[in-house]
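Asks: What follows is a predicted structure for the sequence shown.
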There are 2 protein chains.
Amino acid sequence: MEIAHSLQQIKSSYIREILIAAADKNIISLAGGLPDAKTFPLDLMKATFKKLTDMPEVFQYDATIGYAPLLKYLSHYYQLAPTHIAMICTGSQQGLDLIARAYINPNDCIIMEAPSYLGAMQVFGLVQANIQTISTTHDGPNVSELEDAFIKHNPKMFYGVPDFHNPTGICWSLETRQQVAKLCIQYDVTFIEDAPYRELRFTGEPLPMVSHFCADNAIVLRSFSKIASPGLRIAAVTAKKSYLEPLLKIKQGADLHSSVPIQALLLDLLQHPDFPEHIKTIQSLYKKRYHVLFSELKKQLPEGCELKPVDGGMFIWLSLPPCDTFALAKTLIKNGVAVVPSPVFYPHPENTPSALRLNFTNANSSELREAVSRLCRVLNATLISTQ
Amino acid sequence: MEIAHSLQQIKSSYIREILIAAADKNIISLAGGLPDAKTFPLDLMKATFKKLTDMPEVFQYDATIGYAPLLKYLSHYYQLAPTHIAMICTGSQQGLDLIARAYINPNDCIIMEAPSYLGAMQVFGLVQANIQTISTTHDGPNVSELEDAFIKHNPKMFYGVPDFHNPTGICWSLETRQQVAKLCIQYDVTFIEDAPYRELRFTGEPLPMVSHFCADNAIVLRSFSKIASPGLRIAAVTAKKSYLEPLLKIKQGADLHSSVPIQALLLDLLQHPDFPEHIKTIQSLYKKRYHVLFSELKKQLPEGCELKPVDGGMFIWLSLPPCDTFALAKTLIKNGVAVVPSPVFYPHPENTPSALRLNFTNANSSELREAVSRLCRVLNATLISTQ
C-alpha cells in the first residue's frame, strides 16, 4: 500500500538513530532531551495512585477537552481571561500536531526560528507547510528579520520557544518579547508559544510570557513533562476559545480524549503542597550539572569553539568552526559520547552553522566531566587536523 | 485565523449534541456507546497502581511503538506471525487516525459499509478520502457489491467492523469473512479490521477474524475500552511490520508515544488471573440487558418496525417505516429517552433508511424497561399519525 504523499517528504529522524546508539551503556549521552528519572515526583503521586480505583468516573469516556476538575484548576492557575480556555492534550507534541492540522493547508506559510525544535518541524512538515526561518541573536529572534518575513510571506503563525530554546538554550529578552508580541498583533500573525522549559529556570527572575503581551493572538503549549514526568503524556494548550475549537474537532478524531486517570493524577500532583519544593529541587540539580558541563567545556575546548551561558532549560549550544558535524558526531559516538549535530535542527539544513547540542539534565556530574574530556579530546584532534 | 480546508468539510457531530442532552438525569440514554462504569475491573488494577511509583522507568519518555513488556505480551497473546508486529495507540481511535494519515491522499478511495462507525467516517473525512459505501445483509457486507466496488473504484482500503458492528450489531458469517478476505487478497485491498466489540459475544462461539484469512492484507485495531476501561485510552494495532512503519512515523509527530504508566497497568490487568472471569461477568450482564431491551421492544413496538437479534456487542438497530428520524429523536428526548437517528451513521446521509441505534450496556434493566415504554409510546403516536 503506497504511503500518503505528505509522509513521503518526511525524512527518518537522525536524532532517533543517535539515541539508539546512545543506549549503549559505554556511551555517555548528551544527545537526548530527557529529564533525570531520579527527579520524578513519585512520592507525591503515591496517595493518588492508591485512590484512583475509588474513582470509577475517571475510567469512563470523558469530554474531548479534558477532565473538568483539571481544566478548572488550570484556568485559575494560568489566570486565563474569561474568553480563554484550556484543553488537555496527549503531551504538548499533540498540541502542536492539532494546531498544524487545524490551521495549515499545504503551502501555507509559518515562520520558525532557525535552529528550531525538531518535533515542530516534523508536524508542520506533515501538513506540508511552507516553513520560512529567521535567525536568532542572544536575545531571541532577530526582530527586524521577523517583520520582513511577516511582510514578505504573510504567514499564519510564528512558532517560538522563548524560554530556554531547544536547541540553543536562548531565553528571549523582555524587549524582544514585547516587540514580537507587537508585530504579531500588527500583522495579525498567531504566535505559538511553546514553553516546556519555562519552569526550568535556575538563574535570574522569570520574564513575562510573550503571550502575556498578545493574549488574543497566541496559542500557548504548556508541558508537564519536565517538571512532572514525560511518560504521563499530558499537557495543556491555552488560548482564546475560538482558537481552540478547531483543535477540539481534530482531537475528537485523533484520540477522543487523553487518559483520564492520568489527568486526575496530574491535578493532585499540581495541588500537592510539596510540588513547588520539588520544582526547586530539580532547578538546583540541573543548575549544578549545567555548571559542571559549562565550566569543564570552558577549560578544555579548543580555540574557535564558542559557548553561550544559559539561565535554565536542558541544553548548551556549542558553536564550532566550520566542519562536517555529522562525521564529528559519529566519531564522538565511537569515542563514547553522544551529541546531536546542528543540521538536524534546521528546516533547510544546507550550509548551516556548525554546532552541537549538549544536554546536561540526564547525566550526573562525574559522567558530565568524563563526557567533556572525551568530547574535547576528539575536538582537539579533529578541529586542529581540519584547519 | 482561517481553519484548514480539510476541517471545513467536517460537520459538527450531531451525536455529541444528543449526548449533551442525554446527560440530563431525567433522560434515559440509549444514545451513547458507553460500557457500564460499574463493570470496570478496578479491583484487579489496585495492586498495580500501588506499585507503579516503584517503577520510575515508566515515567520517562519511551519508544513510540509502545512499552516493550506490553508489546512482547501482545505479540504472544495475538500469536502474531514473525513478520507481524503490534504497536500501542492512544485508543483505537488514534489507530484509525494514523492509518488514514499514513496512507490516504485527498480523493484516494476507501470502502466502508453503510451505515458505519462515525469515528471512522470522521478520520477518513479529515484526510479528504473518497468514501464509497456498500450495503449490508444480516451476514455482513454484500460481497458482490464489494467486488464491484473493488473493480470500479480501485480502493486502497476496506474498513469494517465484523464483530457486532456499530451501529447495526451485525456479526459477519464465516462465509462472508472468508469471501471478504479472498477479495482483499485478489484485488490487493487492505482490510482495516476494527474489533472493539469482539470480546462482547454473549451468544454462540467466536468466529475467526477476517484478518485470520488475509493476515498480510490486514491492519487490525484491538481496543481494550470495552473489556478494561475507555478512560485509559490504550489500544493496540497489529499488522505486518511494513504496514505499521508509516503509522509509527506519524505517531512520533502526533504524540511521541502513549501514556507509559497506563500501558504498564494494562499489561498487569491482561495477565491478572481473574481477568478472564471479569470478561465473562461483563458478557452475562450485557446479555441480560440485551434480552430485556429486545424482548420489551418485541412486545411493544408498533407494526412496521423491525428488530434484528444480536449475539453480542452494545447495540440494537431498530428499523422504522420511512420517517424523519431527526425529528423523532428530538421528540424522544422531550419524552425522556435518548437514541441516535440513522442518518448520522451514513457518509452520504441523503435518503437513508429510517432507523434508530439503541444501546443496551449503560442502562440497567429497569431503566431499559422504562426507556422502551417511553420509546414505544412515542413511536405508536408518531408512526401511526404519519402513515
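Replies: That came in fine, so what should we check first?

Asks: Tell me the span between the first and last residue of stretch A:348-367.
Replies: 33 Å (C-alpha to C-alpha, to the nearest Å).

Asks: same question, stretch A:128-144
Replies: 26 Å.

Asks: Check stretch A:270-281 too.
Replies: First residue to last in stretch A:270-281 (C-alpha to C-alpha) measures 15 Å.

Asks: so who does the nearest residue to A:Ile151 once chain neighbours are set aside touch?
Replies: Leaving aside its chain neighbours, A:Ile151 sits nearest to A:Tyr187 (7.3 Å; criterion: C-beta to C-beta, 6 or more residues apart in numbering or on different chains). Quick note: C-beta positions are derived from backbone N, CA and C, even for glycine. By C-beta atoms under 8 Å, 6 or more residues apart in numbering or on different chains, the contact set of A:Tyr187 is A:Glu147, A:Phe150, A:Ile151, A:Asn154.

Asks: Could you name the specific helix or strand carrying the third one?
Replies: Assigned by DSSP states H and E, A:Ile151 belongs to helix A:143-153.

Asks: Can you give me the buried ones in that helix?
Replies: For helix A:143-153, burial by neighbour count (16 or more other C-beta atoms under 10 Å in any protein chain shown) applies to A:Val143, A:Glu145, A:Leu146, A:Glu147, A:Ala149, A:Phe150.

Asks: Next, format these as JSON lines and append pLDDT and distance to A:Phe326.
Replies: Shown next, in JSON lines, are those (pLDDT from 0 to 100; distance: C-beta to C-beta, whole Å):
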{"residue": "A:Val143", "pLDDT": "98", "distance to A:Phe326": "32"}
{"residue": "A:Glu145", "pLDDT": "97", "distance to A:Phe326": "27"}
{"residue": "A:Leu146", "pLDDT": "98", "distance to A:Phe326": "30"}
{"residue": "A:Glu147", "pLDDT": "98", "distance to A:Phe326": "34"}
{"residue": "A:Ala149", "pLDDT": "98", "distance to A:Phe326": "28"}
{"residue": "A:Phe150", "pLDDT": "98", "distance to A:Phe326": "33"}
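
Asks: Nearest to chain B, out of these: which one, please.
Replies: A:Phe150 (14.2 Å; C-beta to the nearest C-beta).

Asks: Let me know whether the closest one touches A:Ile111 as I believe.
Replies: Yes. If you go by C-beta atoms under 8 Å, A:Phe150 and A:Ile111 touch, sitting 7.4 Å apart.

Asks: Quickly list what's touching both of the two.
Replies: Counting by C-beta under 8 Å, 6+ apart, the residues touching both A:Phe150 and A:Ile111 are A:Phe158, A:Val189.

Asks: Can stretch A:282-299 be said to contact chain B?
Replies: No. Stretch A:282-299 lies out of reach of chain B by C-beta under 8 Å from any C-beta of the partner chain, never closer than 13.5 Å.

Asks: So which residues lie in contact with that stretch, not counting its own?
Replies: Stretch A:282-299 has contacts (C-beta under 8 Å, 6+ apart) with A:30, A:35-36, A:39, A:199-203, A:226-227, A:307, A:309-310, A:312, A:314, A:316, A:318, A:358, A:360-361, A:363-365, A:368-369, A:371-373, A:375-376.

Asks: Weed out the non-buried ones from these.
Replies: Among the contacts of stretch A:282-299, the ones that count as buried by 16+ other C-beta under 10 Å are A:30, A:35-36, A:39, A:199-202, A:226-227, A:307, A:310, A:312, A:314, A:316, A:318, A:358, A:360-361, A:363, A:368-369, A:371-372, A:375-376.

Asks: Quick one: low-confidence residue ranges for chain A.
Replies: Within chain A, the stretches with pLDDT under 70 are A:9-17, A:19, A:22, A:384-387.

Asks: mind giving me the domain split of it?
Replies: Domain ranges of chain A: A:5-40+A:276-386, A:43-271, per automatic domain parsing.

Asks: The stretch 251-387 of chain A: strands as residue ranges?
Replies: A:306-307, A:315-319, A:337-338, A:340-341, A:355-359 (DSSP state E, counting those that start in this stretch).

Asks: most tightly surrounded among these?
Replies: strand A:340-341 (a mean of 26; mean count of other C-beta atoms under 10 Å in any protein chain shown).

Asks: What pairs with that one, parallel or antiparallel?
Replies: Partner strands for strand A:340-341, per DSSP bridges, with pairing direction: strand A:355-359 (antiparallel).

Asks: How about the contacts made by the closest residue to A:Lys38 other than its chain neighbours?
Replies: In space, and not counting its chain neighbours, A:Lys38 is closest to B:Pro56: 7.1 Å by C-beta to C-beta, 6+ apart. For B:Pro56, the contact set (C-beta under 8 Å, 6+ apart) comprises A:Ala37, A:Lys38, A:Phe40, A:Leu42.

Asks: how near is the nearest residue to A:Phe213 once chain neighbours are set aside to A:His153?
Replies: Take A:Phe213 and drop its neighbours on the chain: the residue closest to it by C-beta to C-beta, 6+ apart is A:Ala181, 3.4 Å away. Distance, A:Ala181 to A:His153, using C-beta to C-beta, to the nearest Å: 19 Å.

Asks: again with A:Ile134
Replies: Where A:His153 is concerned, A:Ile134 sits at a distance of 10 Å (C-beta to C-beta).

Asks: what's the overlap in contacts for the two?
Replies: Counting by C-beta under 8 Å, 6+ apart, the residues touching both A:Ile134 and A:His153 are A:Ile111.

Asks: Run through the residues of the stretch 101-250 of chain A sitting next to chain B.
Replies: Counting by C-beta under 8 Å from any C-beta, the residues of the stretch 101-250 of chain A near chain B are A:101-105, A:119, A:122-123, A:126-127, A:156-157, A:190, A:225, A:229-234, A:243, A:246, A:249-250.
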